[in-house]
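Sequence below, structure please.
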Amino acid sequence: MNLKDKISLTYSGSWVRIDKRLSDQISFSRSFFGHLFDRWAVLVEWKTIKKSYKLKEWDLIEIESLERYVDGGVLDECAKWDIDVRLESDDYMVIYKPRGVISHPNSVRDLQHPSVVGGVYRYMRSQEAHNGFDLPSMWNFVRAGLVHRLDKETAGLMIIAKTEQWLAYFKGLFHQKSLAASIADKENVPLTKKYQAVCHRTPQGQGFLNSIEGKLPHYIIDDVIPAVPYPVVKKGITKILSILDTDNNEQVLLDIEILTGRTHQIRYHLSKYKLPIVGDYVYGEEDETYMHLRAYRLTFKDIDWKIIDIKI
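Residues are numbered from 1 along each chain as shown. Here you go, the predicted model:
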């Protein structure tokens, strides 16, 4: 099989999951094909499907060139933009992601939008010292050194791993924070992410702020139900550190730390307590402005036990 060519297969047999069938026939792991399904790269009867889809007799399966995924070449197709590197070592870097840039392409048909993954890949290729480099898990363009995500309209600091060892270390830190049973245990993990959010000061929201005044920090411990397809409901912990006035009496600035990393966690929690973020058209009102949420500070202990504290 030539990996450069588009693959077309006609299925014959009893019903079976498509990811298992492809893995058996093409000799790549089901996990590998799982990433392709997540990126809408596999079509059945010219429609995108999930990896759990059960094939029927005479189903036509089409897959774009696998070479793009196997050798990382798909990254060359990502939109060009200049990343803003705030800290760099031989093993990792911290970058500033502007608003409007996605963390990774949403699909193989969405490569024209600027993404962190694409920007980091091009940056590394442009560095003379990195000729012949190999970003961790580069064959899977969804990862390529990406440790964590920020929403498209959220600006802020992000960690990028440059080696498999450091990717595993940073993923371990995030995993440790997620698995810690108590708030105290979560706060003892040497990884802190802080955000600033400018919110609409609604009457109900002001009532909530009045109720926690003088009792900070305040922990919002509540389910997060993100407004995304097939949402997974998980409990999130959002820590309000301080409440500051702004020049606009109808708005308030909140300093926040998150102890869990749920999709849209800050946006959902603040909206639930009637403090929608300015510019958040999903959980608030449609404003003629950008979303006023940024990840302004990262503090972590690196693999050499050095404390890194970087802020905008």
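
The residue lying closest to Y281 once chain neighbours are set aside: what's it in contact with?
Distances taken as CB to CB, 6 or more residues apart in numbering place D287 nearest to Y281, at 7.1 Å, with adjacent residues excluded. Heads up, the C-betas are built off the backbone N, CA and C, glycines and all. Counting by CB atoms under 8 Å, 6 or more residues apart in numbering, D287 makes contact with 278-279, 281.

mind checking how far D287 is from R21?
48 Å (CB to CB, to the nearest Å).

Where does the prediction get shaky in the stretch 1-150 of the chain?
Low-confidence segments of the stretch 1-150 of the chain, defined by pLDDT under 70: 1-5, 65-74, 106-110, 128-134, 137-143.

what about the helices in it?
18-26, 30-38, 67-70, 116-126 (DSSP state H, counting those that start in this stretch).

Deepest in the core, which of these is it.
The highest mean neighbour count among these, using mean count of other CB atoms under 10 Å, belongs to helix 116-126: a mean of 20.

So which elements touch that one?
Using 3 or more CB pairs under 8 Å, 6 or more residues apart in numbering; DSSP states H and E, the elements in contact with helix 116-126 are strand 92-97, strand 155-161.

Run me through the strand neighbours of the first one, direction for each.
Strands adjacent to strand 92-97 in the sheet, as given by DSSP bridges, are strand 84-88 (antiparallel), strand 155-161 (antiparallel).

pull the longest helix from the chain.
Longest helix of the chain, by residue count under DSSP state H: helix 164-179.

next one: the very next helix or strand once past that helix to chain centre, how far?
Counting by DSSP states H and E, the next helix or strand C-terminal to helix 164-179 is helix 183-188. With CA atoms, centre = their mean, to the nearest Å as the basis, helix 183-188 stands 23 Å off its chain's centre.

and the angle from the next helix or strand along the chain from helix 183-188 to helix 164-179?
Going down the chain from helix 183-188, the next helix or strand is strand 191-200, by DSSP H and E. Angle between the axes of strand 191-200 and helix 164-179 is 60 degrees (criterion: axes from the mean of the first three to the mean of the last three CA atoms, to 10 degrees).

C-alpha coordinates for the longest helix of the chain, CSV please?
Coordinates of each C-alpha in helix 164-179 appear next as CSV, following Å, rounded to 0.1, in the frame of the first residue of the first chain:
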residue,chain,number,x,y,z
GLU,A,164,9.3,13.1,24.7
GLN,A,165,10.7,13.1,28.3
TRP,A,166,9.5,16.6,29.1
LEU,A,167,6.2,16.0,27.4
ALA,A,168,5.7,13.0,29.7
TYR,A,169,6.8,15.0,32.7
PHE,A,170,4.4,18.0,32.0
LYS,A,171,1.5,15.7,31.2
GLY,A,172,2.2,13.9,34.5
LEU,A,173,1.9,17.2,36.4
PHE,A,174,-1.4,18.0,34.8
HIS,A,175,-2.6,14.4,35.4
GLN,A,176,-1.5,14.6,39.1
LYS,A,177,-3.4,17.8,39.5
SER,A,178,-6.5,16.3,38.0
LEU,A,179,-6.4,13.1,40.1
